[in-house]
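Visitor: Sequence first, then the predicted structure:
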Amino acid sequence: MTKPTYQDPWVKKAKWLTGALIISGTLNVGLLSTFIYSAFTKDTPTATLTTSPDPLKSMGLQELLTEYSAFSFDDLLSRLSNPEHVESGYTHRDLALACLTSFHHFNLERALGGDNLPKRQIRFTHKATGEDLLLHIFANLTNDQYLAILNYVKTERWPLTSEGLFYEVKKSQLPHDPTLLEAFYQTPECHYIHLLFSKTGVPLKKEHIASLLSQGTWSILQEAGNYLRETGTFSAQERRRLLLDLSCAGSWLAGKVLLETDLDYCIKQLNNDQVLSLCNLLGDRASTLFLKELIRSPRSEPIWQKAAKLLYAQAAEEAPSHLDLHQVQQRFIHLKSKPRVVFSKKDPKTYTVVPGDSLWKIARAHNITVKALRQANSLESDRLRIGQVLNIPN
């Protein structure tokens with residue numbers, strides 16, 4: 001006979017309550033989740049993924065060129081991978097490449113191994129300046145050529161033409177990036193000018209040549225380099241001409257080198273305007289010997305005045321309000337003996353003018369007045385010529 005099982009009534013009640021609590025909790029969690037979802041999604045629009053359209057896609061050829069002309073070097077490089085057509089057979093990468101070569105001096109010839117690439121010209125308006133320009137477009141380049149261009153940019157630190165490197169050196173601050181200077185040294189223009197200095201006995205360091213060239217203009221550098229390459233004329237005359245051109249363009253370093261290497265040429269061969277321009281350019285950097293020669297040379301009054309003021313500045317002295325040439329000469333040249341007197345063999349009472357002479361010096365040497373010397377020779381001004389024969393009154 002089977003023994004009946006017995007359950008405590010309190011155990012049954014506990015099981016029932018546990019089940020009821022589980023069901024109630026589940027319902028509450030569901031209701032709470034529904035409430036939270038409704039609260040946060042109410043009046044909230046459904047988010048959709050949208051991509052902003054490229055504004056350049058809707059532009060025509062002229063508008064694209066105007067936009068691309070204002071792009072940076074890196075922005076244009078990123079467009080070289082875009083082969084989409086624009087119009088007239090051109091692609092976005094064609095226009096980007098045209099702007100890279102025209103406005104950023106990209107060295108396309110070197111990138112493609114010196115290929116003689118066909119070019120087309122197209123007129124457009126530059127966005128920054130408003131100028132109407134002719135732009136060269138290299139059409140019909142292959143995918144392989146564009147890959148070669150991109151690879152060249154990745155491997156070359158300075159993928160620029162000679163002109164582009166010149167402008168990079170010009171705008172960079174000292175000390176220049178050594179890699180930039182090395183690239184600049186390898187340009188044909190810099191190479192031939194370096195040869196000009198070394199072959200004419202002025203072995204300037206390359207960094208000094210780069211500095212004095214960058215203070216000038218690209219046209220001077222280009223013309224000098226082309227002339228030297230075509231003629232092979234490495235002469236002192238060409239060196240002087242280059243330094244003078246650079247100094248006239250504002251290169252004070254070129255002016256300083258010119259005085260250090262060709263002082264006699266500057267004193268005797270430069271005209272008054274060139275001498276005055278050199279003095280204004282160098283200021284108190286001008287050679288003291290050069291300035292002393294100027295105040296005792298037959299130059300114009302403005303040059304005497306300028307040279308005298310610079311001499312006082314170099315001596316850290318305040319220049320007199322009224323500059324007297326003879327007083328300046330006594331202060332800076334320290335004349336201790338009378339100037340050499342050259343008499344004519346035919347007439348012992350004549351004198352032949354030599355470099356550095358003035359009426360005052362000649363009159364002082366003969367113990368007469370400047371007025372008497374001027375009257376004896378019917379002189380209307382104090383200017384003298386070298387070799388001029390003067391009558392010396394008793």
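Guide: Nice, thanks for sending it over.
Visitor: For the rest of this, base every contact and every neighbour count on C-alpha atoms.
Guide: Fine.
Visitor: Quick check: the residue lying closest to residue 360 once chain neighbours are set aside vs residue 290, distance?
Guide: Setting aside the residues directly before and after it, residue 360 is nearest to residue 370 in space (Cα to Cα, 6 or more residues apart in numbering), at 5.8 Å. With the distance defined as Cα to Cα, to the nearest Å, residue 370 ends up 27 Å from residue 290.
Visitor: circling back: who touches the residue nearest to residue 360 in this structure?
Guide: Residue 370 sits next to 359-360, 363 when contact means Cα atoms under 8 Å, 6 or more residues apart in numbering.
Visitor: What is the subsequent helix or strand relative to the worst-scoring helix or strand of the chain on mean pLDDT?
Guide: Within the chain, no helix or strand scores below helix 9-41, which has a mean of 50 by mean pLDDT, DSSP states H and E. Proceeding N to C from helix 9-41, the next assigned helix or strand is helix 61-68, under DSSP states H and E.
Visitor: Return the set of buried residues in the helix or strand following that next one.
Guide: The helix or strand immediately downstream of helix 61-68 is helix 73-79, counting by DSSP H and E. Of all the residues in helix 73-79, those buried under the rule 16 or more other Cα atoms under 10 Å are 73, 76-77, 79.
Visitor: for these, which one is nearest residue 88?
Guide: Looking at those and their distance to residue 88, the nearest is residue 79, at 18.3 Å (Cα to Cα).
Visitor: pretty sure that closest one is touching residue 94, no?
Guide: No - taking Cα atoms under 8 Å as the contact criterion, residue 79 and residue 94 are not neighbours in contact, 9.0 Å apart.
Visitor: can you tell me which residues contact the most centrally placed residue in the chain?
Guide: Computing the C-alpha centroid of the chain and ranking residues by Cα atoms, centre = their mean puts residue 170 first, at 2.5 Å. Listed by Cα under 8 Å, 6+ apart, the contact partners of residue 170 are 214-215.
Visitor: got a pLDDT number for it?
Guide: The pLDDT attached to residue 170 in the predicted structure is 93.
Visitor: Can you give me the buried ones in the helix or strand encompassing it?
Guide: If you go by DSSP H and E, residue 170 is part of helix 162-171. For helix 162-171, the neighbour count (16+ other Cα under 10 Å) marks 162-166, 168-170 as buried.
Visitor: Break the chain down into its structural domains.
Guide: With domains defined by automatic domain parsing, the chain comprises 59-156, 160-261, 263-336, 350-391.
Visitor: mind checking the end-to-end distance for the shortest one?
Guide: Taking Cα to Cα, the first and last residues of domain 350-391 lie 5 Å apart.
Visitor: Same check on stretch 318-333?
Guide: Between the start and the finish of stretch 318-333 there is a gap of 17 Å, counting by Cα to Cα.
Visitor: which residues touch it?
Guide: In this structure, residues lying in contact with stretch 318-333 by Cα under 8 Å, 6+ apart are 292, 295-296, 304-305, 308-309, 311-313, 335.
Visitor: For PyMOL, what selects the buried ones among those?
Guide: Typed into PyMOL, the line below selects the buried ones among these, using 16+ other Cα under 10 Å:
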select buried, resi 292+295+296+304+305+308+309+311+312
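Visitor: ok, which pair from the contacts of stretch 318-333 is furthest apart?
Guide: Of all pairs drawn from the contacts of stretch 318-333, the greatest distance, 20.7 Å, lies between 313 and 335 (Cα to Cα).
Visitor: measure stretch 165-183 end to end?
Guide: Length of stretch 165-183, first residue to last, Cα to Cα: 7 Å.
Visitor: low pLDDT regions in the stretch 251-394 of the chain?
Guide: For the stretch 251-394 of the chain, residues meeting the criterion pLDDT under 70 lie at 334-348.
Visitor: Would you map the helices across it?
Guide: Secondary structure of the stretch 251-394 of the chain (DSSP state H, counting those that start in this stretch): helices located at 252-261, 263-269, 272-282, 288-295, 301-314, 325-332, 359-365, 370-376.
Visitor: Serialize these to TSV and add fields for distance to residue 189.
Guide: Conversion of these to TSV gives the following (distance: least, Cα to Cα, whole Å):
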stretch	distance to residue 189
helix 252-261	17
helix 263-269	26
helix 272-282	25
helix 288-295	31
helix 301-314	35
helix 325-332	42
helix 359-365	49
helix 370-376	55
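Visitor: Compute the first-to-last residue distance for stretch 352-369.
Guide: Start-to-end, stretch 352-369 (Cα to Cα) is 18 Å.
Visitor: for stretch 310-319, that is, sorry about that
Guide: Counting by Cα to Cα, the length from the leading to the trailing residue of stretch 310-319 is 9 Å.
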